[in-house]
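Engineer: Prediction below, plus the sequence it came from.
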Amino acid sequence: MKKVLVVFGTRPEAIKMAPIVLELKKHPRHIKTVVCVTAQHRHMLDQVLSIFKIKPDVDLNIMRKNQDLTTLTINTMKKIHGVLKTVKPDIVLVQGDTTTAMVVGLECFYQKIKIGHVEAGLRTFDRFHPFPEEVNRRILSSVADYHFAPSKQAVKYLLKEGIRKSTIYHTGNPSIDALLMTLKKNKKKKPVFNTKKKLILVTAHRRENFGKPFGNICKALMKIALRNDDVEIVYPVHLNPNVRKPVFSILSQSDRVHLIEPLEYDGFALMMSKAHIVLTDSGGVQEEAPSIGKPVLVMRKTTERPEVVKAGAAKLVGTSVKSIVDNVEKVLHDKKVYTRMSRSASPYGKGDASRKIVRALHIV
């Protein structure tokens, strides 16, 4: 029997790792699964754990109010060091590009423990966009033993960086597993907000958009609402004060911009399935929305998911007011553009990534 330690700390990590944890637990004769959460995002993480009925074996509870990246990194490193010494795993699985994932990968390298990196090979080639995620994932690629790439493009990037082909597995992304699983389970439920108008679902919270870009995003949303009577905008507002302050100061007076508290994952998935367009600066949403036929406009300068743009399901629109408004209105009112984007195939798999990842470990 092999011992597999799965470590994650944020809501997006939990969403993508939950299907893998459930798949690992299907093989109790071959695999002892240990789940460790750092709780980098405490409240939002707990929501996802509850939805997928996953109870952590280890909870490091590192979340502190307004902690900077240095403090977060130091605290995570200290605590994960002890966990690895105690659990003594054969393999550790981490996901994506968070500080949690990077620190765990580095500490596994120090202790010579095999590390599997889920969602490997994403790149923007701009180390400050997204920040600090772009550097985090490059560090992980340099120490991982298993590279689970979500797309063919990610595989190409890893090979170009000199990663051995035998360690790279094109698996798709488990975010699609989680989304399809959740929608199937909740298909009879009603979303928290319902409208007969065209629904624009917004998610925006990225660190590199704090300040003027966030102000632009909010002004663009206000303009879209004022100019388009056939539209309702729903924005679940992230808990970070750098997000909430500009959002509520600019958008709280609009009758057709509905600012709501962050949704639990199942509620968000259901809302996304009802949306006409998704407007986001998130990474995961770029994967999820196209898999259910929703056009995505990405409010960022760069994306580490160029394959979804190449497929025609998403478009980079930046953070200028004019660009956001013009592109949203084009998708809203040009049926050919909308049809082309909504019918583009998702490049991130069909919902079987978890099974492929577990099989690639060669322990079942």
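Structural biologist: Arrived safely, thanks for sending. Computed from a prediction, not measured in an experiment: that's the story for all the values here.

Engineer: quick check: domain ranges of this protein?
Structural biologist: The chain breaks down by automatic domain parsing into domains covering 2-173+349-360, 198-342.

Engineer: what's the closest of these to residue 185?
Structural biologist: Of all the domains of the chain, it is domain 198-342 that lies closest to residue 185, at 7.4 Å by Cβ to Cβ. Placement of C-beta: from N, CA and C, glycine included.

Engineer: got the end-to-end distance for that closest one?
Structural biologist: The first and last residues of domain 198-342 sit 14 Å apart, counting by Cα to Cα, to the nearest Å.

Engineer: ok, now stretch 147-157?
Structural biologist: So stretch 147-157: terminal residues 11 Å apart, Cα to Cα.

Engineer: quick one: buried residues of it?
Structural biologist: 147, 148, 149, 150, 151, 153, 154, 155, 157 (16 or more other Cβ atoms under 10 Å).

Engineer: Sitting in strands, which of the residues you listed do you find?
Structural biologist: Here DSSP state E is the test, and the buried residues of stretch 147-157 give 147, 148, 149 as lying in strands.

Engineer: Residue 225: neighbour count?
Structural biologist: 19 (other Cβ atoms under 10 Å).

Engineer: isn't it right up against residue 254?
Structural biologist: Yes. Using Cβ atoms under 8 Å, residue 225 makes contact with residue 254 at a distance of 5.1 Å.

Engineer: Serialize the ones in strands among the buried residues of stretch 147-157 to CSV and add fields for pLDDT and distance to residue 30.
Structural biologist: What follows is these, written out as CSV (pLDDT from 0 to 100; distance: Cβ to Cβ, whole Å):
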residue, pLDDT, distance to residue 30
147, 98, 22
148, 98, 19
149, 98, 24
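
Engineer: would you turn the residues you listed into CSV with distance to residue 2?
Structural biologist: Formatted as CSV, these follow (distance: Cβ to Cβ, whole Å):
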residue, distance to residue 2
147, 19
148, 17
149, 22
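
Engineer: and which of the residues you listed is nearest residue 12?
Structural biologist: Residue 12 lies nearest to residue 148 out of these, by Cβ to Cβ, at 15.6 Å.

Engineer: So in terms of bridging, what pairs with that closest one?
Structural biologist: With DSSP bridges applied, residue 148 shows beta-bridge pairing to residue 118, residue 169.

Engineer: For the spatially closest residue to residue 32 that is not a sequence neighbour, give me its contacts.
Structural biologist: Spatially, and ignoring its direct neighbours in sequence, residue 32 is nearest to residue 3 (4.7 Å; Cβ to Cβ, 6 or more residues apart in numbering). Neighbouring residues of residue 3 by Cβ atoms under 8 Å, 6 or more residues apart in numbering: 31, 32, 34, 87, 88, 89, 90, 91.
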